[in-house]
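**Q** Have a look; sequence and predicted model below, questions after that.
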Amino acid sequence: MLYIETSRQRYELARFVDSGATYKQMYRLAVVRDAHMKDNQFFAGLKQLPLSVEHLEQVICEDLDWRDLLWGAQTLGVKNSRVSYLIEPLRNF
């Protein structure tokens, strides 16, 4: 899991492995629901990661390939045949 933040939202980039014959790695990008309420104590008490759908406000895309993610100095873009999305400006900690 990779958590990405802007000044107003937190995003979760989660990796899944397709259990078919190819074991292809796929990624899900989602907006975390009530991110300001989810602190270190919240994550320490979780039994599973990535976050379940009940903790997500919006799933942007579920079957991304790593090549669909376009990383910039303060941006993350998603571009494939199904979705085009830009997250900016990213916060650095």
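**A** Cool, got the structure.
**Q** Tell me the buried residues in stretch 22-42?
**A** Met26, Tyr27, Arg28, Leu29, Ala30, Val32, Ala35, Lys38 (16 or more other CB atoms under 10 Å). For the C-beta atoms, the positions are set from N, CA and C on the backbone; glycine is no exception.
**Q** For the lowest-mean-pLDDT helix or strand in the chain, what is the distance to the chain centroid?
**A** Scoring the helices and strands of the chain by mean pLDDT, DSSP states H and E places helix 40-44 at the bottom, with a mean of 81. Taking CA atoms, centre = their mean, to the nearest Å, the mean C-alpha location of helix 40-44 is offset from the chain mean by 18 Å.
**Q** for that helix, packing partners?
**A** In terms of contacts (3 or more CB pairs under 8 Å, 6 or more residues apart in numbering; DSSP states H and E), helix 40-44 is not packed against any helix or strand.
**Q** for the buried residues of stretch 22-42, which one is nearest Gln74?
**A** Leu29 (16.9 Å; CB to CB).
**Q** what about the closest one, which SS state?
**A** Classification of Leu29 by DSSP: H, G, I helix; E, B strand; the rest coil places it in strand.
**Q** List the beta-bridge partners for it.
**A** Note on Leu29: beta-bridge partners Leu13, Cys61, judged by DSSP bridges.
**Q** Now that we're looking at it, what pLDDT does it have?
**A** According to the prediction, Leu29 has pLDDT 95.
**Q** And for the one 3 residues further on?
**A** Note on Val32: pLDDT of 93.
**Q** In contact with it, which residues?
**A** Taking CB atoms under 8 Å, 6 or more residues apart in numbering, we find Val32 in contact with Tyr3, Gln9, Arg10, Tyr11, Glu12, Lys38, Leu51, His55, Leu56, Glu57.
**Q** ok, now with 10 Å
**A** Contacts of Val32 were listed using CB atoms under 10 Å, 6 or more residues apart in numbering, and they are 3-5, 9-12, 38, 51, 55-58.
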